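# Attaching a predicted model along with its sequence, questions to come.
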Amino acid sequence: MQMGTRWTSGDEPPRAVPDTLRAEIDAVDRSIPGDDLGQPRPRWTLTWLEGRPVAELDTGVQVALQADGSVRVSHDADDVFP
């Protein structure tokens, strides 16, 4: 696994984030309640697994490029996902 970068949900992703993941990351970000709740926004971590990018939110939501070129958004049932 190769480490990537971190950024706050709702902020513009760094240039290191591949274009293939950006639309789904944006969709997840839009589903998170705004800052008006007084809670800090979760942070994304970009890593590379088997040569493919994986963006994981502190809540456990993952946006990952699959081997077939599709992008998959996933989370465990116990993860916090609005």
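Looks like it came in fine. Numbers count the residues shown, from 1 in each chain.
# In contact with the residue nearest to residue 74 when sequence neighbours are not counted, which residues?
Spatial nearest neighbour of residue 74, chain neighbours left out: residue 62 (5.2 Å); criterion: Cβ to Cβ, 6 or more residues apart in numbering. For the C-beta atoms, the positions are set from N, CA and C on the backbone; glycine is no exception. Contact partners of residue 62, counting by Cβ atoms under 8 Å, 6 or more residues apart in numbering, are 54-56, 72-75.
# Select from those the one having the most neighbours.
Using other Cβ atoms under 10 Å as the neighbour criterion, residue 55 leads the contacts of residue 62 with 27 neighbours.
# tally of neighbours for the closest residue to that residue other than its chain neighbours?
Once flanking residues are discounted, residue 55 sits nearest to residue 63: 4.6 Å by Cβ to Cβ, 6+ apart. Here the count is done by other Cβ under 10 Å, and residue 63 has 25 residues near it.
# Secondary structure element holding residue 63?
Element membership of residue 63 [criterion: DSSP states H and E] is strand 62-65.
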